[in-house]
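[1] The following comprises the amino acid sequence and a computationally predicted model.
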Amino acid sequence: MNKTFYLETFGCQMNVVDSERIVSLLDGIGYSQVEDPKQATLILMNTCSIRDKAVRKAYGHLGRFKPLKEKNPSLIIGLGGCIAQQEGGESLFDTFPYLDLVFGTHNVHRLPELVQKVEQDRVRCEETEFLDMETRLRLFPSRTGDETVSRFVTVMQGCDNFCSYCVVPYVRGREISRPSQEILAEVEDLAAQGVREVTLIGQNVNSYGTQQSGEISFPELLTRVDAVEGIKRIRFTTSHPKDISPELVACFGTLPKLCKHLHLPVQSGSSSILQAMNRGYSREQYLKLVTQLRATCPDIRLTTDIIVGFPGETEEDFAATMSLLEQVRYAEIYSFLFSPRQGTGAAKLVDETPATVKSERFDRMLKLQDEITRQIWQADVGQTYPVLVEGESKVGEGQMFGRTTWNRIVNFSGSEDLVGQLVDVQITKAHRNSQLGELVK
Ligand code: SF4
């Protein structure tokens, strides 16, 4: 029988990288990927549990596969990622009787063996054990080049920060940094295969190297990646503001390939809420960091994450968030209504603010930020910027697309031979999520 799998991925870049690994591992045991779950003999979901909404969405999608299993009892259905790690097999198997396989965030490498066990023995399988540091170091996901211009490179995993609202340290484990020689070898390999932009990823890349003695620092790692021939641009994410060192700020002034964009999650503009969130910095410290970044790199654009409605957030706290948005003028924000996550400190806090008040604050904030975002992207119209061309645009009609240093998508008329090149594009129109431009000859 033809073995085929359908894979759905939810959540952050770490899951995207894990899913690429899943594709390659399943390829190794004779599975080919299909786009339609009805064509699959194996359905896998790589899930995210960062917010209640993400969990409900994943469960909703899982429910859609039940009729397929009823029609075809030999279909294998598996669930991995953060929900699997958090809930464990026992509870998930109870809730979803049609589920065959549960694998945690540290067990992606065991997927072929687990799938084969379900195939052969028709038993339900679970593997959600956290691995020791030595084994994790051996198993860092590595990437090979393909047709893409831009790739993620994992530099560290896990998180030691225990922000009071976040499940990541519980579902991804403690921080561990990948050896720098391995990272550099991978970047060199990707560059040799045509990749032109790398994004160094991890839950908190700024603390790279601090857990292992003798390892280089994150600014030093960036400096070495900057020297790799063939790489034209470097990005990194995610950054914790408290771990941004003066040396890292300086990189934005000295490393020519480092993009002038930084995602710097603030979460709230109120120091007392930041303290309740266990973020490790105050509003004043955050703003000082922003000033230092802009003094070093005047063109830098910042994006951020905001949580509205954290337990105990008063109107005054919320006003502090609004004034922070006005002061920093982020290019984009990713905002969320607080959602208590089981097992975290914030889930135990008394939350007296009515949901209607939280929603109203949320809408007010979006309105303010939409206008700031619109003004920032609109001001680009008429300007000419280098764009790294990635491929044909989704809009079709002979349009190509690429990104500016600020990670903004620009569509423009051009030809495929530009892919992988940095070209000058004059911005002619600013849409909400992209810009339109003309190639400057
Ligand atoms: S830094 Fe905080 S928000 Fe980010 S992953 Fe770690 S615990 Fe979660």
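    Ah, there it is. The structure displayed is predicted, hence computed values, not measured ones.

[2] Break the chain down into its domains, please.
    Structural domains assigned to the chain are 4-129, 130-259, 264-379, 384-439, following automatic domain parsing.

[3] Can you give the contact residues for the host helix or strand of residue 320?
    For residue 320, the enclosing helix or strand under DSSP states H and E is helix 315-328. Identification of contacts with helix 315-328 by C-beta atoms under 8 Å, 6 or more residues apart in numbering yields 266, 268-273, 283, 286-287, 290, 302, 304, 306, 308, 333, 361, 364-365, 368-369, 372. C-beta here means a position set from N, CA and C on the backbone, and glycine is covered the same way.

[4] Could you point out the helix or strand that follows it?
    Downstream of helix 315-328 (by DSSP H and E), the next one is strand 332-337.

[5] got the contact list for residue 415?
    Here residue 415 is in contact with residue 400 (C-beta under 8 Å, 6+ apart).

[6] which of the residues in the least confident helix or strand in the chain by mean pLDDT are buried?
    Lowest mean confidence among the helices and strands of the chain (mean pLDDT, DSSP states H and E): helix 133-138, at a mean of 86. The neighbour-count check on helix 133-138 (16 or more other C-beta atoms under 10 Å) flags 136, 137 as buried.

[7] same check, this time on stretch 335-345
    Buried residues in stretch 335-345, counted by 16+ other C-beta under 10 Å: 335, 336, 337, 338, 339, 340, 341, 344.

[8] Just give the nearest non-adjacent residue to the fifth one, would you?
    On the basis of C-beta to C-beta, 6 or more residues apart in numbering, the spatially nearest residue to residue 339 that is not a chain neighbour turns out to be residue 52, at 4.1 Å.

[9] And for the second one?
    Taking C-beta to C-beta, 6+ apart as the measure, residue 336 lies nearest to residue 307, with 5.5 Å between them; neighbours along the chain are not counted.

[10] buried residues in the helix or strand that neighbour falls within?
    Secondary structure assignment for residue 307, by DSSP H and E: strand 301-308. Of all the residues in strand 301-308, those buried under the rule 16+ other C-beta under 10 Å are 301, 302, 303, 304, 306, 307, 308.

[11] coming back round to it: what's the least confident helix or strand of the chain packed up against?
    The contact analysis (3 or more C-beta pairs under 8 Å, 6 or more residues apart in numbering; DSSP states H and E) places helix 133-138 against strand 176-177.

[12] Would you mind listing the buried residues in the helix or strand following the strand it packs on?
    The helix or strand immediately downstream of strand 176-177 is helix 180-192, counting by DSSP H and E. Applying a neighbour-count criterion of 16+ other C-beta under 10 Å, one finds 180, 183, 184, 186, 187, 190, 191 buried in helix 180-192.

[13] Run through who's touching helix 180-192.
    140, 142-145, 151, 153, 155, 198, 200, 209, 215-216, 220-221, 224-225, 228-231.

[14] Those in helices, which ones?
    Secondary structure assignment (DSSP state H) places 220, 221, 224, 225 from the contacts of helix 180-192 within helices.
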